[in-house]
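Peer 1: Okay, sequence plus prediction incoming.
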Amino acid sequence: MEKDRPVISDDDQFTTISNQLPLLISACRADGSYYFFNSAWQDFTGAASKHENYTDWSNYAQPNDSQASFDIPSKDKTEFQRIYRLKRHDGVYRWIAERCVPRFEDGDNFAGYVGYGIDIQGVLDEQQLKGDWLSFVGAQTEGLNEELAATNEELSAANEELGHTQESLAELNRHLENIVAERTSALLESQQIARQLNEELATTNEELAAANEELSTTNEELIATNEELAESRDEIIKSEKLFKSIALNIPKSLILVIGKDHRFLAVEGDLMSKMGFDGRDYVGKHPSEVATPERYEANKHLYARVLAGEQFTIDRKGQADEDYRIEFVPLRDDANEVYAGLVIALDITDIKQAEEKSAKLAAIVTSSDDAIVSKTLDGIVTSWNASAERMFGYSEKEMVGQPILKIIPNDRKDEEPNILQQLRKGRRVDHFETKRIAKDGKILDVSLTISPVKDSEGHIIGVSKIARDISEQKLDEQRKNDFIGMVSHELKTPLTSLTAIIQLLQAKIGNGEDTNITVPLKNANKQVKKMATMINGFLNISRLESGKMLIVKDEFLFNELLREAVDETQMISADYDIRFNDTQPVSVFADKDKIGSVILNLLSNAVKYSPKSTTIDVDCKVINGKVRVSVKDEGIGIKPTDVKKLFDRYYRVETDDTRHIAGFGIGLYLSAEIIRQHQGNIWAESEPGKGSTFYFELPLK
């Protein structure tokens, strides 16, 4: 029976074999505590791992079966069989048939049982399980016993081979011991020989050490010498690089260094080719070898002067009339002896031209009839020409260093910050008309042109201002406006009478059949109306520019005013389709008559500059707290250059299409001034041949 007793140990071989078998294999100790379950058993039950404490593994068995199934007959120490229900990993209990075989250690010492179980659920019904199932279990476990027997035989064969191997190793060890003994004897002999050689080497080493000390001393001296030479060489290289760097970074220059014998020690600079040097290496060459002997002879006395210790400067003209300035500088050593001469030639043509321009500019500034003033970006005066002294009464001494606010009236102090802000952005201010105060308190009308002053890098560093006294011009304009106003006012009386007479005649004649009378009267009435409109325009300009045009504001419905103007224009312009795109009622606070004249002027212009049978669209919208009106026509259109000047006084667009259209260029000017006095905006958009759109905006009340 000894061969039937399985031997269980903790070695890997048993674990490997057990894990490869499909049987549920377990092992317990003599006290009945289980310590081993193979992979098949763990997979079946879903146990956590092989290291789990399986002492109370009966928890996996069906409770009704555990008492009967797990009482191990350890006292008998004999093989036994049992069946029980074991809970599978999915929670289902399955019938298990198990054969338990005792195992022994060290002879007859009982060590526990090894169990081999199989799942017999479905193979036999419950009645069969109570019958002869031992043969079934035996059949299943017979293969296992055979495999265990085969494994034991393999282990026995391996033990025999191991015994043979140990004998071979013992023989090999003996052989190695003999070899070591022989080598040890030979080593002792070689040590004696080596001892003699070492003594000889020690003597040689002492001699070499003495020689090395001498060589070391010599090397130290050589190193010190080399360091001094390296420092000298580095200094020379640095000096050469520094000279070349300086020479190459001086724009429009030629730098020569000549020795005591007048030979070149260095030639550098971007003027080499321009001054007759073609770029070859001239070091060590004589000037007579480089250029003509005549040229050397002409400069020989200059070389002699600089090598004699004299430092001087000369100016010369080039072949293309360029200007050169040549500096001659003697170079001295530590003993203050001249060892070379430095010649620096500079092209100063641009400087000469700049000096000439500066002189001309200074002359212009001095002789100008306009006041020319420069100041900082903080408004501090830096220059003040003679005309500024005459115009404002302050001398240059009184104004330079003072703020420009000194000549600005109190009610215009806010102009200066606004102007400086524009100039800081690089913008120029042209023909800005304003007022300034002279030293004697006189208020002057001036026209200012102000420009930013920039340095060579484009940075704004100051301000240049040209002031022109336009007081007389303003007086002339005032006289002209007064005259126009007076004439316009005087013409209104006879014109009113003439209008009344024409209307009376038309009323008397009625719709008579004599066209020789009715037609001229009708044309006369049109011409009188045109003249009345023109005179009213001139009169309004006179009032506007003299400050006598009154703006009387009141609240009214803007849509109604716009509708009245459209209806009136449509009545007298039946050849046009005037469409008004009305919106919700809009109330504004403005001068109704003045705003009405603006609307009528835009409508009459649209009719005047559009072909008959075209459409004129009038639109009214409320945008961002403002009412916006647009009048769009399908007329001849306006060039972009003319659009910018449409609202200037007396400006008219002169083209072949407009020469036959009467007008003096005052309607849009008056309209723009009326809108501005209402804190509104007016502008136009147009494209030649595609019509124009005029807009104006008014703030709501």
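Peer 2: Cool, the structure landed.
Peer 1: Now do residue 266, the pLDDT please.
Peer 2: The model reports residue 266 with a pLDDT of 82.
Peer 1: how near is it to residue 258?
Peer 2: To residue 258, residue 266 is 9 Å away according to CB to CB, to the nearest Å. For glycine as for every other residue, the C-beta is placed from the backbone atoms N, C-alpha and C.
Peer 1: Among those two, which residue is more densely surrounded?
Peer 2: residue 258 (22 against 16; other CB atoms under 10 Å).
Peer 1: Just give me the neighbour total for the closest residue in space to that one that isn't next to it in sequence.
Peer 2: Beyond its immediate neighbours in the sequence, the residue positioned closest to residue 258 (CB to CB, 6 or more residues apart in numbering) is residue 341, lying 5.0 Å away. Residue 341 has 26 neighbouring residues, counting by other CB under 10 Å.
Peer 1: Identify the residues contacting residue 341.
Peer 2: Under the criterion of CB atoms under 8 Å, 6 or more residues apart in numbering, the neighbours of residue 341 are 257, 258, 303, 306, 307, 328, 329, 330, 331.
Peer 1: make it 6 Å
Peer 2: Residues in contact with residue 341 (CB atoms under 6 Å, 6 or more residues apart in numbering) are 258, 306, 307, 330.
Peer 1: What segments of the stretch 201-350 of the chain are strands?
Peer 2: Per DSSP state E, counting those that start in this stretch, the stretch 201-350 of the chain carries strands over the ranges 253-259, 264-268, 312-317, 323-332, 338-347.
Peer 1: Dump the ones you listed to JSON lines, plus distance to residue 174.
Peer 2: Putting these into JSON lines (distance: least, CB to CB, whole Å) gives the following:
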{"stretch": "strand 253-259", "distance to residue 174": "93"}
{"stretch": "strand 264-268", "distance to residue 174": "90"}
{"stretch": "strand 312-317", "distance to residue 174": "108"}
{"stretch": "strand 323-332", "distance to residue 174": "94"}
{"stretch": "strand 338-347", "distance to residue 174": "93"}
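Peer 1: now residue 402: how far from residue 378?
Peer 2: Note on residue 402: its distance to residue 378, by CB to CB, is 12 Å.
Peer 1: And those two? Which one has more around it.
Peer 2: Of the pair residue 402 and residue 378, residue 402 is the one with more neighbours under other CB under 10 Å, namely 16 against 10.
Peer 1: any idea which element residue 85 lies in?
Peer 2: strand 80-87 (DSSP states H and E).
Peer 1: could you point out which element follows that strand?
Peer 2: The helix or strand immediately downstream of strand 80-87 is strand 93-105, counting by DSSP H and E.
Peer 1: Mind listing what's buried along that following strand?
Peer 2: Of the residues in strand 93-105, 93, 94, 95, 96, 97, 98, 99, 100, 101, 102, 103, 104 count as buried by neighbour count, 16 or more other CB atoms under 10 Å.
Peer 1: For the last one, give me the pLDDT.
Peer 2: In this prediction, residue 104 carries a pLDDT score of 81.
Peer 1: again, but for the fifth one
Peer 2: We have a pLDDT of 86 for residue 97.
Peer 1: same deal with the second one?
Peer 2: You'll see residue 94 listed with a pLDDT of 90.
Peer 1: Can you name the residues that contact it?
Peer 2: With contacts defined as CB under 6 Å, 6+ apart, the neighbours of residue 94 are 88, 119, 121.
Peer 1: Looking at those, which is nearest residue 557?
Peer 2: Proximity of those to residue 557, judged by CB to CB, is greatest for residue 88, which lies at 95.5 Å.
Peer 1: which residues does residue 93 bridge with?
Peer 2: With DSSP bridges as the criterion, the beta-bridge partners of residue 93 are residue 87.
Peer 1: Over to residue 340?
Peer 2: residue 259, residue 331.
Peer 1: My guess is residue 687 contacts residue 636. True?
Peer 2: No: with contacts defined as CB atoms under 6 Å, residue 687 does not count as touching residue 636, sitting 10.5 Å away.
Peer 1: So between these two, which is more surrounded?
Peer 2: When residue 687 and residue 636 are compared for neighbours, residue 636 comes out ahead with 20 against 13, by other CB under 10 Å.
Peer 1: Can you report how many residues lie near residue 106?
Peer 2: Around residue 106 there are 6 other residues, counting by other CB under 10 Å.
Peer 1: Give me the pLDDT for the nearest residue to residue 85 once chain neighbours are set aside.
Peer 2: Leaving aside its chain neighbours, residue 85 sits nearest to residue 62 (3.7 Å; criterion: CB to CB, 6+ apart). Among the per-residue scores, residue 62 shows a pLDDT of 81.
Peer 1: And for residue 62, the neighbour number?
Peer 2: 16.
Peer 1: now swap in residue 29 and tell me
Peer 2: Around residue 29 there are 16 other residues, counting by other CB under 10 Å.
Peer 1: which stretches of the stretch 501-650 of the chain form strands?
Peer 2: 554-557, 577-581, 587-590, 615-623, 626-632.
Peer 1: which one of those strands lies closest to residue 453?
Peer 2: Closest approach to residue 453 among the strands of the stretch 501-650 of the chain is made by strand 626-632 (40.2 Å; CB to CB).
Peer 1: From the contact counts, what lies against the closest one?
Peer 2: Based on contacts counted as 3 or more CB pairs under 6 Å, 6 or more residues apart in numbering; DSSP states H and E, the elements that strand 626-632 packs against are strand 615-623, strand 692-699.
Peer 1: redo that, cut-off 8 Å
Peer 2: The contact analysis (3 or more CB pairs under 8 Å, 6 or more residues apart in numbering; DSSP states H and E) places strand 626-632 against helix 592-608, strand 615-623, strand 692-699.
Peer 1: The first one: which residues count as buried?
Peer 2: Residues of helix 592-608 classed as buried: 592, 594-607 (neighbour count, 16+ other CB under 10 Å).
Peer 1: what do you get for the second one?
Peer 2: Neighbour-count burial for strand 615-623, counted by 16+ other CB under 10 Å, picks out 616, 617, 618, 619, 620.
Peer 1: which among these gets closest to residue 111?
Peer 2: Nearest to residue 111 among those is residue 619, at 112.1 Å by CB to CB.
Peer 1: where does the closest one sit relative to residue 681, distance-wise?
Peer 2: Residue 619 is 16 Å from residue 681, by CB to CB.
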